[in-house]
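1. I need the structure of the sequence given here:
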Amino acid sequence: MQRENELERLLEEAELTSNDEARVAILERAVREAEHLGDLEAAWEARWNLMEAAVFSGQGEKALVAFSWCLAQCDKGTTSHSEMELFWPYKWIISGLPSFPQASKTRIFDAWEDMARRFERHGVGERVTWMLRAELLADMGELAASEEPFERWVRTKRDFLSDCPLCDEHGVSVHRLRLGQRNESLQGFRRIMRRNDFCRRVPQATYGYVLRPLLEEGKGDEAVTWHRVGIRALETSADCLDTAAQHIRFKVLAQDVDGATKLAERYWRYAEESRELDNVFEFYLALRALVRDVGERLGEARMALRPPQAVALEPCRGAHDANAKDFEVTEVAAWLDAKLTELAGRFDARNGNDAFTRRLAEDVELDALSRPLRLTTEPKGGGS
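-> Model (predicted):
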């Protein structure tokens with residue numbers, strides 16, 4: 001009876017906890033309790049809730065394990081739950097697979113085909129099936145191949161498995177940006193940001209994606225407006241690592257080194273802990289741009305940083321202040337180059353192309369957009 005009470009307490013605690021990272025830890029304990037009791041229904045409930053919490057705390061690998069167990073129970077007929085209950089989380093799982101370079105291309109597309117067969121068997125999800133196909137191909141550097149499923153995505157009617165209209169337009173706009181359709185992409189982003197509506201990650205993610213194309217269009221003031229809104233909306237979570245990277249990169253291009261440094265320090269630990277390595281790549285690419293800016297534009301040999309303890313960087317002698325330490329710019333740059341080269345190599349080997357390696361060079365070219373922008377508003381009566 002004591003274990004039954006503990007299991008019930010854990011499930012209730014998870015339901016009342018708003019922080020997804022904390023919910024994951026609670027629900028993992030609930031899964032272990034349910035397994036010990038042999039309670040398949042409670043094990044399903046705990047894993048069902050674990051999937052969502054893991055996805056939205058940047059721990060997709062834990063969502064994948066929980067999902068695989070639930071799907072296996074459906075296929076074996078050992079649960080009263082229908083496979084249709086897993087269709088929405090199946091979308092999350094498929095979308096997240098490219099984040100893990102150890103997941104082979106064959107495995108990823110086999111999973112997509114399994115999902116597509118299940119959806120088709122029930123006559124649902126055609127639009128989201130093509131959406132995921134287009135996104136998978138684009139994530140793995142096959143932009144030309146993504147065009148045909150993208151066109152099928154936007155032509156196919158919505159149903160209950162489609163992303164909400166806000167998220168769907170965000171996805172379409174991001175894909176148009178990847179395909180080089182900047183004007184159409186910006187139109188979509190602006191519609192999203194001007195609506196009085198929101199979802200779990202939109203428009204929070206939109207505020208990050210819109211910054212670069214606005215700078216490329218010479219609309220720095222508009223980019224500053226959305227950057228300010230986006231920073232206020234940005235959650236401190238591993239799930240937001242890619243969006244944080246976009247804002248860091250924008251701050252670097254706006255020549256706000258102090259702001260970029262503070263934002264990078266806020267998210268650095270998530271980059272060290274996360275197994276969603278595509279987001280880790282994006283973060284370190286932005287951090288490399290910051291270090292490059294300090295060394296090249298400012299001409300500094302040292303910079304003050306507060307890296308996580310797990311980072312193997314040796315500070316210079318003497319503290320910069322009570323918490324930060326000075327590091328040689330060339331040493332930090334070399335550490336980042338090694339990290340990024342290793343990650344790019346792993347993704348490119350999996351994808352069978354050089355898309356990630358090319359990103360390393362393309363990011364340097366963005367430095368041409370650098371110009372000072374005022375990212376903070378002056379207090380009334382003047383001041384700085």
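
2. Burial check on residue 110, number of neighbours?
-> Residues lying near residue 110 (other CB atoms under 10 Å) number 11. Using the backbone N, CA and C atoms, a C-beta is placed for each residue, glycine as well.

3. what helix or strand is it on?
-> helix 105-121 (DSSP states H and E).

4. which strands and helices sit next to that helix?
-> Using 3 or more CB pairs under 8 Å, 6 or more residues apart in numbering; DSSP states H and E as the contact test, the elements touching helix 105-121 are helix 87-96, helix 126-139.

5. need these in a markdown table with mean pLDDT, distance to residue 255 and mean neighbour count, can you?
-> Formatted as a markdown table, these follow (pLDDT from 0 to 100; distance: least, CB to CB, whole Å; neighbours: other CB atoms under 10 Å):
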| stretch | mean pLDDT | distance to residue 255 | mean neighbour count |
| --- | --- | --- | --- |
| helix 87-96 | 97 | 35 | 20 |
| helix 126-139 | 98 | 31 | 23 |
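
6. Report the separation between the residue most central in space within the chain and residue 373.
-> Taking CA atoms, centre = their mean, the centroid of the chain lies closest to residue 242, which sits 4.5 Å from it. Relative to residue 373, residue 242 is positioned 22 Å away (CB to CB, to the nearest Å).

7. for residue 183, same thing?
-> 22 Å.

8. higher neighbour count, these two?
-> residue 373 (17 against 9).

9. so who does the residue nearest to the more buried one when sequence neighbours are not counted touch?
-> Leaving out its chain neighbours, the residue that sits closest to residue 373 by CB to CB, 6 or more residues apart in numbering is residue 254, at 3.9 Å. Residue 254 sits next to 220, 224, 227, 370, 371, 372, 373, 375 when contact means CB atoms under 8 Å, 6 or more residues apart in numbering.

10. Does the last one belong to a helix, a strand or coil?
-> Secondary structure for residue 375, judged by DSSP: H, G, I helix; E, B strand; the rest coil, is coil.

11. next one: phi and psi at it?
-> phi -90, psi -10 (degrees, to the nearest 10).

12. How about the second one?
-> With angles defined as degrees, to the nearest 10, residue 224 shows backbone torsions of phi -60, psi -40.

13. Ok, the one 4 residues further on next?
-> Main-chain dihedrals, residue 228, degrees, to the nearest 10: phi -60, psi -40.

14. and what of residue 198?
-> phi -160, psi 160.

15. tell me which residues in the worst-scoring helix or strand of the chain on mean pLDDT are buried?
-> Every helix and strand of the chain was ranked by mean pLDDT, DSSP states H and E. The lowest is helix 2-16, at a mean of 88. Neighbour counts over helix 2-16 (16 or more other CB atoms under 10 Å) mark 7, 10, 11, 14 as buried.

16. Considering these, which is situated nearest to residue 91?
-> Among the buried residues of helix 2-16, residue 14 lies closest to residue 91 (CB to CB), at 22.1 Å.

17. now that closest one: how far from residue 28?
-> Using CB to CB, one gets 10 Å for the distance from residue 14 to residue 28.

18. What of residue 190?
-> When CB to CB is the yardstick, residue 190 and residue 28 sit 41 Å from each other.

19. Now do residue 372: how many residues are near it, please.
-> The local packing of residue 372 (other CB under 10 Å) involves 10 other residues.

20. Is it correct that it is in contact with residue 255?
-> Yes. Using CB atoms under 8 Å, residue 372 is in contact with residue 255, at 4.6 Å.

21. May I have the predicted confidence score for the residue nearest to residue 56 when sequence neighbours are not counted?
-> The shortest distance from residue 56 to any non-neighbouring residue, by CB to CB, 6+ apart, is to residue 20 (4.7 Å). With respect to pLDDT, residue 20 scores 93.

22. Burial check on residue 20, number of neighbours?
-> 20.

23. now it: how far from residue 14?
-> Taken as CB to CB, the span from residue 20 to residue 14 is 10 Å.

24. Find the residues that touch each one of the two.
-> residue 53.

25. Could I get the contacting residues of the closest residue in space to residue 295 that isn't next to it in sequence?
-> Of all residues not flanking residue 295 in the chain, residue 329 sits nearest, at 4.1 Å (CB to CB, 6+ apart). If you count contacts by CB under 8 Å, 6+ apart, residue 329 has them with 291, 294, 295, 300, 301, 302, 303.
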